[in-house]
Structures are given as C-alpha cells and as structure tokens.
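any chance you can model this:
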Amino acid sequence: MASGICLIAPPVSRENRPLPLALLCLSGVLAAQGTDCRILDFNLDVRLNPELEGEAFFAYAISKIRATGCRLFGITSLCANYPLTLRLAALIKEKIPDAIVILGGPQASSVYAQTLRNFPGWI
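This is a model prediction of the structure:
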C-alpha cells in the first residue's frame, strides 16, 4: 500500500455541506512536513451525486477509500454524522484489515471513552 494519510469528511446532511476546513488545515501542516496527504470530501460527493444514499454511498465510499492506497485514515465527525462515521470506520477496518483508523472532531472527542470501550483497537 502507498504511504500517506487519507483524511475523510463524512457527509453531514443534504442541507448542511460545510467545507472540511479542519482537514484542510491539518493537510497543510502534514504537507509542510513532507507527509503525503489526501482528503476525501464525501459532503461534496453527495452534493454532486444525489443518488449516493444508503448502501450506494458506502459502496462508493469504500471504493474511493481503497483507491487512495493509504493504510492510515483520519475521519472527522460531528454529532449529526457520528453513526455514519462509525459505520464507515468499521467498513474500512473490514475491507482493509491492516488499516489504522483515527476518529477525530468534536463528537469523537466528546465521547472518546465510550467509543474506545465499544470499538477496541481503534484510535
């Protein structure tokens, strides 16, 4: 697999499509240190492709994620998309067994103890 980090912004809602500013900032810092970094903005993808709902979204997402060649993934999360974020993280771990998944963002930070207890082996 390729080296580097893939930062992921899961979709929030059809009405709310914020730019992944935190991921853009983090990517800039990583790039300045010479780390290859990719961003997958699934908010934008869902906005541009309204057919990406339900299982179609997850099939599309894992295809894009695998295509990065990364094994280190950072996924940001908000309260509104935390269940989807957890499902996406589980899918990454299932399809890319040696992947390292790091959850971040306000929701992951506020319920870190519960998340680590319920999903051992994740960071």
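
drop to CA atoms for contacts and neighbour counts, all remaining ones
Noted.

which residues does residue 60 contact?
Going by CA atoms under 8 Å, 6 or more residues apart in numbering, residue 60 touches residue 52.

do you know how far it is from residue 34?
Separation of residue 60 from residue 34 (CA to CA, to the nearest Å): 29 Å.

could you identify the helix or strand that succeeds the worst-scoring helix or strand of the chain on mean pLDDT?
Within the chain, no helix or strand scores below helix 105-110, which has a mean of 73 by mean pLDDT, DSSP states H and E. Downstream of helix 105-110, the first helix or strand assigned by DSSP states H and E is helix 112-118.

mean confidence for that next one?
Helix 112-118 shows a mean pLDDT of 77.

all numbers from here: first residue = 167
Yes, from this point I'll number from 167; that puts the last item at helix 278-284.

other SSEs contacting it?
Judged by 3 or more CA pairs under 8 Å, 6 or more residues apart in numbering; DSSP states H and E, helix 278-284 is in contact with no other helix or strand.

so which bits of it are buried?
The neighbour-count check on helix 278-284 (16 or more other CA atoms under 10 Å) flags residue 281 as buried.

roughly how far is that helix from the heart of the chain?
Distance of helix 278-284 from its chain centroid, counting by CA atoms, centre = their mean, to the nearest Å, is 18 Å.

hey, where'd the helices end up in this structure?
With DSSP state H, the ranges of helices along the chain come out as 187-198, 208-214, 220-233, 248-261, 271-276, 278-284.

possible to save those as CSV with distance to residue 239?
Compiled in CSV, those are given as follows (distance: least, CA to CA, whole Å):
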stretch, distance to residue 239
helix 187-198, 12
helix 208-214, 14
helix 220-233, 9
helix 248-261, 9
helix 271-276, 13
helix 278-284, 16
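
ok, of those, where does mean pLDDT dip lowest?
Among the helices of the chain, helix 271-276 scores lowest, with a mean of 73.

what sits closest to residue 186 if chain neighbours are left out?
Closest residue to residue 186 apart from its sequence neighbours, by CA to CA, 6 or more residues apart in numbering: residue 175 at 6.4 Å.
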